[in-house]
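Q: generate a structure from the sequence data that follows.
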Amino acid sequence: MKSKYRIVILAEDLVPQNILYRFAKKLVDNDLRKIRKLALPAGKGAGEQFVRENFASEVQYLRQKGENIILLVHIDADMLSVPERKSQLDEALQKSGMPERQKSEPIALVIPKRHTEAWLYWIEAQSEEVDESEDYKSKVRSPTPLQLNSLAQFLFNHTRPNSPPPTTTPDSLGLALHELMRLP
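A: Now for the predicted structure:
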């Protein structure tokens, strides 16, 4: 079954962009023409600000173009909570004079607590607890394609209609699964 949707990916850096790209490929049956990855910000530490500054314009684009666009957004929570980071994105819409995200809109906010590396560490060793307040960047320095594929496949498997929920996940990963289930 070919997907009628096009997907836009707004991410703060290359690792989460690659994860969401692999996830998106599964949604559109590997039709790469249907995926648009936004250019990544230049410089270190600019990613979170880049996503906050571009979120409203991408939501506006989706709303103007219609129902056949999915917006996948990645932003690390860093030292904030996931709700606090979501609130910043809501504020970006409000400052642009736009209403907040509606439940029916195909906009998924993928927000790891602290960093994406916590999820990659967890997907590698699912038997271990992950403390999402800990920095896992030193434990997952250069994620392998296998790690990226494993996380993308996990996201896909657990967001399909009637798919069983995972038995355990880091809290922010569970929230991300819930977000991704909004998508058609």
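
Q: off-centre distance for stretch 86-106?
A: On the basis of CA atoms, centre = their mean, to the nearest Å, stretch 86-106 sits 16 Å off its chain's mean C-alpha point.

Q: quick check, central residue of this structure?
A: With distances taken as CA atoms, centre = their mean, residue 110 lies nearest the centre of the chain, 3.1 Å away.

Q: isn't that residue right up against residue 182?
A: No - the pair residue 110 / residue 182 is not scored as a contact, 11.3 Å apart, by CB atoms under 8 Å. Where C-beta positions appear, they are placed from N, C-alpha and C, glycine not excepted.

Q: list the contacts for the residue nearest to the centre of the chain?
A: By CB atoms under 8 Å, 6 or more residues apart in numbering, residue 110 lies in contact with 16, 20, 72-75, 176, 179-180.

Q: where along the chain do the helices fall?
A: Here the chain has its helices, by DSSP state H, at 14-27, 47-65, 82-95, 116-124, 145-157, 171-180.

Q: which strands and helices sit next to the shortest one?
A: This points to helix 116-124. Applying 3 or more CB pairs under 8 Å, 6 or more residues apart in numbering; DSSP states H and E, one finds that helix 116-124 makes contact with helix 14-27, helix 145-157, helix 171-180.

Q: residue ranges with poor pLDDT in the protein?
A: 1-2, 44-45, 67, 127 (pLDDT under 70).

Q: how about a cut-off of 80?
A: Within the chain, the segments meeting pLDDT under 80 span 1-3, 42-46, 66-67, 126-128.

Q: could I get the helices of the chain as CSV with distance to residue 5 and mean neighbour count?
A: Converted to CSV, the helices of the chain look like this (distance: least, CB to CB, whole Å; neighbours: other CB atoms under 10 Å):
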stretch, distance to residue 5, mean neighbour count
helix 14-27, 7, 21
helix 47-65, 11, 17
helix 82-95, 21, 16
helix 116-124, 24, 23
helix 145-157, 14, 17
helix 171-180, 13, 19
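
Q: so which of those gets nearest residue 105?
A: Nearest of the helices of the chain to residue 105, taken as CB to CB: helix 47-65 at 7.2 Å.

Q: quick one: distance of that closest one to the chain centre.
A: Chain-centre distance of helix 47-65: 13 Å, with CA atoms, centre = their mean.

Q: re the thing from before, out of the helices of the chain, which is closest to residue 139?
A: helix 116-124 (5.4 Å).

Q: so how far is that closest one off the chain centroid?
A: Centre-to-centre, helix 116-124 and its host chain are 14 Å apart (CA atoms, centre = their mean).
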